[in-house]
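Student: sequence and predicted structure, then a few things I'm wondering about:
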Amino acid sequence: MELVERVLAGDQWAISKAISAVENGGPEGRAIMKAVFPHVGGAVRIGITGPPGVGKSTLCDAITGVLRPAGRRVGIISVDPSSAFTGGALLGDRIRMGRVAEDPEVFMRSMATRGAFGGLSRATQDAADLLDAAGCQTLLIETVGVGQSEIEVARAADCVGVVLSPESGDGIQAMKSGLMEIADLVVINKADRVGADKLEYDIRSAFELGLKSRRETPILLTEAHRSKGVPELVGAIDQFVAACRADGRFEARRRCNMESRLRQIAEFMIHHSLFEVNGASRRVEALAQRVLERRQSSYDAAEELVREALDPNRGANS
Ligand SMILES: Nc1nc2c(ncn2[C@@H]2O[C@H](COP(=O)(O)OP(=O)(O)OP(=O)(O)O)[C@@H](O)[C@H]2O)c(=O)[nH]1
Ligand SMILES: [Mg+2]
């Protein structure tokens with residue numbers, strides 16, 4: 001497939017096309033994912049999550065600014081309701097991510113947050129695989145830390161940084177929402193604002209009271225718009241990843257993530273085949289009629305639907 005060749009060569013247009021195909025979930029996207037598979041796995045995936053407006057995008061740009069001079073190719077996937085394609089915020093992200101916009105070795109993509117059947121997490125991870133295959137060594141996956149599916153996206157990374165800011169009581173909110181539970185590192189951004197020390201103290205205290213393992217969670221203070229503290233953050237991420245590789249946590253986590261990912265993909269395929277493939281609803285109508293006419297039990301009819309849904313050629317022409 002020519003498109004796949006171009007993706008592997010790092011062609012931005014081709015990567016964009018491929019991600020769109022994968023988002024659509026149709027046969028083309030599946031074929032692309034199968035073809036790039038041998039080239040996937042090298043990139044380290046960093047989840048950057050946190051409440052709205054804490055500076056996640058600015059931080060991604062600043063992290064990229066640290067990684068690029070070191071020669072690392074960076075991909076950024078932004079899963080953010082406010083920066084979905086149609087939203088005006090995409091332009092805002094481009095401006096905030098000044099480095100990203102100018103550097104041909106940095107790829108940035110916003111993912112639409114449409115919510116079909118674990119679809120967000122599936123599509124985001126497929127997009128990450130595509131960027132991985134295209135040669136990105138570090139992937140930054142930005143997602144707002146509100147809502148189950150967004151948290152699921154962040155959790156699938158090799159390292160999760162939860163970003164908070166001293167504004168608006170983020171700390172307490174994050175503790176309540178369970179966001180802190182997925183944090184490998186905590187970043188207090190906007191450290192130039194009043195209350196950063198207090199927030200650090202509060203988080204530290206909460207960790208001390210909680211699980212013992214939490215006491216080791218690094219807390220870093222940054223000022224993303226000035227890149228202050230960002231080299232230290234990158235250092236802490238690298239250190240975390242290296243420690244995980246050394247003691248087996250890295251592999252264990254990837255295995256665990258892959259298990260839930262396979263379930264998501266399988267669920268998605270069945271769902272897609274039952275509800276979205278051409279002719280799917282007519283097939284259900286026909287079977288329902290048969291049940292109503294007492295020619296077949298509802299369970300037999302449903303089993304037939306599932307069998308058909310699992311047919312690999314289903315939807316090949318849709
Ligand atoms: N004072 C201060 N402002 C910052 C800092 N980092 C980012 N900002 C500003 O905070 C605002 C929000 O930044 P974004 O990077 O868009 O935040 P975000 O978390 O990506 O926002 P959403 O994606 O909408 O949730 C912008 O105006 C940034 O310039 C910082 O360290 N200090
Ligand atoms: Mg953002």
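Tutor: Everything's here; your move. Ligands and ions are numbered 1, 2, ... in the order given.
Student: which ones are touching Ile172?
Tutor: Asp202 (CB atoms under 8 Å, 6 or more residues apart in numbering). In this view, the C-beta of every residue, glycine as well, is placed from N, C-alpha and C.
Student: can you tell me the element it falls in?
Tutor: Using DSSP states H and E, Ile172 sits within helix 170-177.
Student: ok, that helix near ligand 1 or not?
Tutor: No - on the criterion CB under 6 Å from any ligand atom, helix 170-177 is out of touch with ligand 1, staying 10.4 Å away.
Student: gap between that helix and the chain center?
Tutor: Averaging C-alpha positions (CA atoms, centre = their mean, to the nearest Å) puts helix 170-177 21 Å from its chain's average.
Student: what's the mean pLDDT across it?
Tutor: Helix 170-177 shows a mean pLDDT of 71.
Student: next SSE downstream of that helix?
Tutor: The first helix or strand that comes after helix 170-177 along the chain, using DSSP H and E, is strand 185-188.
Student: what strands line up against that following strand, and which way round?
Tutor: According to DSSP bridges, strand 185-188 has the following sheet partners: strand 159-164 (parallel), strand 219-221 (parallel).
Student: and it, what's buried?
Tutor: 185-188 (16 or more other CB atoms under 10 Å).
Student: show me what whatever residue of the stretch 101-250 of the chain ends up closest to ligand 2 bridges to in the sheet.
Tutor: Of all residues in the stretch 101-250 of the chain, Glu142 sits closest to ligand 2, at 5.7 Å by CB to the ion. Beta-bridge partners recorded for Glu142 (DSSP bridges): Ile48, Ser78.
Student: OK, contacts around it?
Tutor: 48-49, 56-57, 60, 76-80.
Student: which of these sits closest to Ser298?
Tutor: When the contacts of Glu142 are ranked by distance to Ser298 (CB to CB), Val79 comes first, at 38.3 Å.
Student: count of residues packed around the nearest residue to the closest one once chain neighbours are set aside?
Tutor: Excluding the flanking residues, the one nearest Val79 by CB to CB, 6 or more residues apart in numbering is Thr143, at 4.2 Å. Using other CB atoms under 10 Å, Thr143 is surrounded by 30 other residues.
Student: ok, Thr143 touching Thr49?
Tutor: Yes - in this structure Thr143 lies within contact range of Thr49 using CB atoms under 8 Å: 5.0 Å.
Student: in the chain, which spans are strands?
Tutor: 44-50, 74-79, 106-111, 138-144, 159-164, 185-188, 219-221 (DSSP state E).
Student: how far out from the middle of the chain is the third one?
Tutor: Using CA atoms, centre = their mean, the distance from the centre of strand 106-111 to the centre of the chain it belongs to is 11 Å.
Student: same question for stretch 257-267.
Tutor: Per CA atoms, centre = their mean, the centroid offset for stretch 257-267 relative to its chain is 14 Å.
Student: that one: which residues count as buried?
Tutor: 257, 261, 264-265.
Student: wait, which of those residues is closest to ligand 2?
Tutor: The closest of these to ligand 2 turns out to be Asn257 (CB to the ion; 23.3 Å).
Student: and for the residue nearest to the closest one when sequence neighbours are not counted, the neighbour number?
Tutor: In space, and not counting its chain neighbours, Asn257 is closest to Ala156: 5.0 Å by CB to CB, 6+ apart. Per other CB under 10 Å, the neighbour tally for Ala156 reads 23.
Student: isn't Ala156 right up against Met258?
Tutor: No - the criterion here is CB under 8 Å, and Ala156 misses it with Met258 at 9.4 Å.
Student: can you flag the weakest of the strands of the chain by average pLDDT?
Tutor: Looking at those, the lowest mean pLDDT belongs to strand 106-111 (a mean of 87).
Student: what stretches of the stretch 201-318 of the chain score poorly on pLDDT?
Tutor: Counting by pLDDT under 70, the stretch 201-318 of the chain shows low-confidence ranges at 211-213, 312, 314-318.
Student: could you pull out the helices for it?
Tutor: Secondary structure of the stretch 201-318 of the chain (DSSP state H, counting those that start in this stretch): helices at 230-247, 249-275, 280-292, 298-309.
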